[in-house]
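Trainee: next one to model:
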Amino acid sequence: MGVRGLKLKPGDELVGMDVLDKHDTNADLLVITERGIGKKTQISAWPMQLRGGVGVKVANLAEKTGNIVAAQVLTKKDEALILTSQKGQVIRTTLRSVPRLTRDTQGVIIMRLSPEDKVAAATVIKKKVSEEEEEVENQEKVEKHTETKPVKPRVARKPKPKTVQKPKPKSKSKTVVKPKAKPKPKAKIIKPKAKVAKKSARRVKW
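Mentor: You can find the predicted model right below:
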């Protein structure tokens, strides 16, 4: 069943769908109405949106313009436009004659119709391209899609000069020589002399 691409209002219908090449930034959208009025508008006039949105107005429709019957993205290869009416009228014109206008405009008359007639179909004709030109275009497309960003050459880094660390000068610290402390004289322990009891000589009388 798929998913919703455009949310339509009641009574509105989808009349056209196209695929846009992201590389073609100058592409135009061709719009044709029932009364033979048309215009071209640059694709960049519409902002990028997520799917399922209401969209942005493409033309200022009125009773004299009628509803939109065709909408198609134009490329550089497109050259002419053929409009066919319900009564069987056909007109062929160049796409150069269709002016480029803004979104909120009606357009110009491309095909004059009787009051009872309306545009039934719009066909875009491409340029006749020779085989050689076609090969060149295909080659350009391939080159565009395979185009890579230029790689910057790597610049060899210059080796950093080795920094030789100079030995730090030894700080001459003044050494203070402390005088040696004189040893304290040992205290002499004087032992008291033992008292010798003197024997008193007794005179013996004979």
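Trainee: now do the strands in the protein.
Mentor: 28-33, 37-42, 68-74, 78-85, 90-94, 108-109, 119-126 (DSSP state E).
Trainee: can you tell me the average pLDDT over the first one?
Mentor: Meaning strand 28-33. What strand 28-33 shows for mean pLDDT is 94.
Trainee: can you pull the contacts of the closest residue in space to residue 111 that isn't next to it in sequence?
Mentor: Using C-beta to C-beta, 6 or more residues apart in numbering and skipping the chain neighbours, the partner closest in space to residue 111 is residue 36 (3.4 Å). The C-beta positions use only the backbone N, C-alpha and C, and glycine is treated the same way. Applying C-beta atoms under 8 Å, 6 or more residues apart in numbering to residue 36 gives the contacts 83, 85, 109, 110, 111, 112, 113, 119.
Trainee: farthest pair in those residues?
Mentor: Farthest apart among the contacts of residue 36 by C-beta to C-beta are 85 and 109. That separation is 13.3 Å.
Trainee: circling back to that earlier point, out of the contacts of residue 36, who's nearest residue 98?
Mentor: residue 110 (6.5 Å).
Trainee: the closest one touches residue 92, doesn't it?
Mentor: No - using C-beta atoms under 8 Å, residue 110 is not in contact with residue 92, being 10.7 Å away.
Trainee: which residues do the two both contact?
Mentor: Counting by C-beta under 8 Å, 6+ apart, the contacts common to residue 110 and residue 92 are residue 81.
Trainee: more crowded one of these two?
Mentor: A count of neighbours by other C-beta atoms under 10 Å puts residue 110 above the other of residue 110 and residue 92, at 20 against 10.
Trainee: count of residues packed around the residue nearest to residue 25 when sequence neighbours are not counted?
Mentor: Nearest residue to residue 25, sequence neighbours excluded (C-beta to C-beta, 6+ apart): residue 44, at 6.9 Å. For residue 44, the tally of surrounding residues (other C-beta under 10 Å) stands at 10.
Trainee: same check on residue 3?
Mentor: When neighbours are counted by other C-beta under 10 Å, residue 3 comes out with 6.
Trainee: likewise residue 8?
Mentor: Using other C-beta under 10 Å, residue 8 is surrounded by 11 other residues.
Trainee: with residue 96 instead?
Mentor: Neighbour tally, residue 96, other C-beta under 10 Å: 9.
Trainee: show me the contacts for residue 51.
Mentor: Residues in contact with residue 51 (C-beta under 8 Å, 6+ apart) are 3, 4, 5, 6.
Trainee: so how far is residue 7 from it?
Mentor: Distance, residue 51 to residue 7, using C-beta to C-beta, to the nearest Å: 9 Å.
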